[in-house]
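Student: Have a look at this prediction, sequence included:
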Amino acid sequence: MKKFLLLSTIFILTTNCSVSKKLKFEYVDNIEVKNIDLNNITLNADAVFNNPNNLRGTLSIDDMHIFVDNIDVGTVSSQEFKVPQKSEFSIPLEGTISLSKVYKENKNNLLGSILKVVQTDSLKIRYKGAIKYHLGSFSYPYSIDKEQMVRLK
């Protein structure tokens with residue numbers, strides 16, 4: 001009887017705590033301009049994930065960059081985020097675009113870019129990089145590559 005209870009306890013624990021599917025990156029949403037000044041544009045966004053498992057863990061930004069007109073103009077930062085079990089959730093991202101870097105890399109097409117921004121009141125922003133999932137000593141990178149037009153207000 002003791003062996004049966006021990007085996008059933010081990011079976012229940014392993015089936016309830018197992019990883020049935022990996023954490024899934026869904027999309028980047030709510031890209032918006034937080035602040036604009038003469039030197040920088042600060043953007044906020046949400047990276048949306050779905051955790052179908054009972055296991056938790058943490059997510060951290062590995063190496064993510066912001067591109068404007070295919071020019072790498074800044075990096076994205078975020079606090080380490082605790083993953084809730086069995087739910088869809090989002091982690092906040094914040095990035096700063098250096099306008100001087102845009103100017104330096106795009107001198108020849110600067111007038112065209114300025115006219116395009118003035119006419120459309122928006123910029124094409126691209127987030128590219130990775131977010132890492134950590135559970136103990138295990139980690140898994142999720143590639144992010146999201147492009148979106150962002151209105152400047």
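Tutor: Structure received. Numbers count the residues shown, from 1 in each chain.

Student: and the spatially most central residue of the chain, what element?
Tutor: Geometric centre of the chain, nearest residue: A47, 4.1 Å, by CA atoms, centre = their mean. Taking DSSP states H and E as the definition, A47 sits inside strand 40-51.

Student: Sort out which residues of the helix or strand just after that strand are buried, please.
Tutor: Toward the C-terminus, strand 40-51 is succeeded by strand 58-61 as the next helix or strand (DSSP H and E). For strand 58-61, the neighbour count (16 or more other CB atoms under 10 Å) marks 59, 61 as buried. C-betas here are computed from N, CA, C, even on glycine.

Student: Report all helices and strands that strand 58-61 contacts.
Tutor: strand 81-82, strand 122-135 (3 or more CB pairs under 8 Å, 6 or more residues apart in numbering; DSSP states H and E).

Student: Worst mean pLDDT among those strands?
Tutor: The minimum mean pLDDT among these belongs to strand 122-135 (a mean of 82).

Student: hang on, the earlier thing: I144: which of the helices and strands packed on strand 58-61 is closest?
Tutor: Closest approach to I144 among the helices and strands packed on strand 58-61 (CB to CB): strand 122-135, 5.7 Å.

Student: what packs against the helix or strand just after the closest one?
Tutor: The helix or strand immediately downstream of strand 122-135 is strand 138-151, counting by DSSP H and E. Secondary-structure packing of strand 138-151 (3+ CB pairs under 8 Å, 6+ apart): strand 24-36, strand 40-51, strand 122-135.

Student: got the helices and strands packed on strand 58-61 as CSV, with mean neighbour count columns?
Tutor: What follows is those, written out as CSV (neighbours: other CB atoms under 10 Å):
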stretch, mean neighbour count
strand 81-82, 14
strand 122-135, 18
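
Student: Out of the helices and strands packed on strand 138-151, flag the one nearest S60.
Tutor: Closest approach to S60 among the helices and strands packed on strand 138-151 (CB to CB): strand 122-135, 5.3 Å.
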